[in-house]
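Engineer: When you get a sec, could you give me coordinates for this:
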Amino acid sequence: MKTRKLNVLIGWGAAVLMMGSVAVEASPERDLKAFQTYFVEKFPLTKYSDFNNGVYSIDESFRQQWESIEEFPPYESFMEMGEEEWNKAFANGAGYASCFGEDVSAIRGFYPHWDSKREQVVTLEGEINRCRKDNGEKPLKWKVGTLAYLSAYIAYEGRGQKVDVVIPDDPKAVAAYEEGKRFYYAKRGQLNLACADCHVYQAGQHIRADLLSPSLGHTTGFPVFRAKWSGKSKSGDGMGTLHRRLGGCNKQVRAKPFKPQSEEYRNLEYFLSYMGNGMEWNGPSYRK
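Structural biologist: You can find the predicted model right below:
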């Protein structure tokens, strides 16, 4: 059976994958191999390591525009604001380093991961606000502003690390992964579309002027500066977290979005990040 058909079966959350006439139990490892092979075969001219650049990895004209923008990246000033925030002390004298450690470059690659004590997926942005709460500070807004700036700074310091998300041999961790996978392939909204409809099956196709990006490497570049976001939020700066983007995708298919850092979005981040294993974290980044 062709890899593309294998991936379709994965998308429907099948309990087994049929490879020839042999039934093979589904597993995160087999999902990962099928998922990555699918995109390598679908876009044979794109280097595997380049998929973390989204649409710019599959379209030369878009790539040239992007490379020009990256000479003076619009996210740079916000990243610097994130560094300033990182270095600020809390009212109790502690700081973010008291939660994450002094080596900022080691942080990005640690998230998302399964926390066996809390029995849930934990994310970078979620832990930033947890750190603040534990130190008596008010939590930051989840989608924009200071949280996005902090995340951008941490992401920049961690550039070049390989994505290495682990699904431990824990039924609850595997269930969280499966819930994220199910979310990605489930139809929703008035348009009855799944995330995979755009970013797996129709990746590389146009919707009006928009080119649909491949799923492979989707989470590596966040947080992102989007030209479409600039001026559209109270912060008005175009920076946003991954969960802001997930909510926006739900709105685009006319489905009610979940709250940022909801269990649904954390599990989805877990699944998508795992699908990018072996690629490099390269945030923050620019997207149209």
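
Engineer: just checking, Cys195 touches Tyr185?
Structural biologist: Yes. Between Cys195 and Tyr185 there is a contact under Cβ atoms under 8 Å: 7.4 Å. C-betas here are computed from N, CA, C, even on glycine.

Engineer: who's more crowded, the two?
Structural biologist: Cys195 (22 against 18; other Cβ atoms under 10 Å).

Engineer: Phi first, then psi, for the residue lying closest to the more buried one once chain neighbours are set aside.
Structural biologist: Among residues not flanking Cys195 along the chain, Tyr184 sits closest, at 4.7 Å (Cβ to Cβ, 6 or more residues apart in numbering). With angles defined as degrees, to the nearest 10, Tyr184 sits at phi -60, psi -30.

Engineer: Now do the contacts for Tyr184.
Structural biologist: Going by Cβ atoms under 8 Å, 6 or more residues apart in numbering, Tyr184 touches 11, 194-196, 215, 268, 271-272.

Engineer: which residues are in contact with whichever strand or helix holds Tyr153?
Structural biologist: Tyr153 is part of helix 146-157, with elements assigned from DSSP states H and E. Under the criterion Cβ under 8 Å, 6+ apart, residues 75, 78-83, 85-86, 96, 104-105, 107-108, 124-125, 128-129, 140-141, 222-223, 239-241, 244, 281, 283-284 lie in contact with helix 146-157.

Engineer: mind listing which of these are in helices?
Structural biologist: Judged by DSSP state H, the contacts of helix 146-157 include 78-83, 85-86, 124-125, 128-129, 244 as members of helices.

Engineer: Please spell out the ChimeraX selection for the buried subset of those residues.
Structural biologist: Restricted to buried positions by 16 or more other Cβ atoms under 10 Å, the ChimeraX selection for those reads:
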select :78,79,81,82,83,85,86,124,125,128,129,244
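
Engineer: For the residue nearest to Cys195, give its distance to Tyr270.
Structural biologist: According to Cβ to Cβ, to the nearest Å, Tyr184 and Tyr270 sit 11 Å apart.

Engineer: Then Gly145?
Structural biologist: When distance is defined by Cβ to Cβ, Gly145 is 24 Å away from Tyr270.

Engineer: between the two, which one's more packed in?
Structural biologist: Tyr270 (27 against 19).

Engineer: The more buried one reaches Asp115, doesn't it?
Structural biologist: No. Counting by Cβ under 8 Å, Asp115 is not a contact partner of Tyr270; they are 11.1 Å apart.

Engineer: Run through the stretch 101-250 of the chain and note the low-pLDDT ranges.
Structural biologist: 232-236 (pLDDT under 70).

Engineer: neighbours around the closest residue to Ala155 other than its chain neighbours, how many?
Structural biologist: Distances taken as Cβ to Cβ, 6+ apart place Gly283 nearest to Ala155, at 3.4 Å, with adjacent residues excluded. Neighbours of Gly283 under the rule other Cβ under 10 Å: 23.
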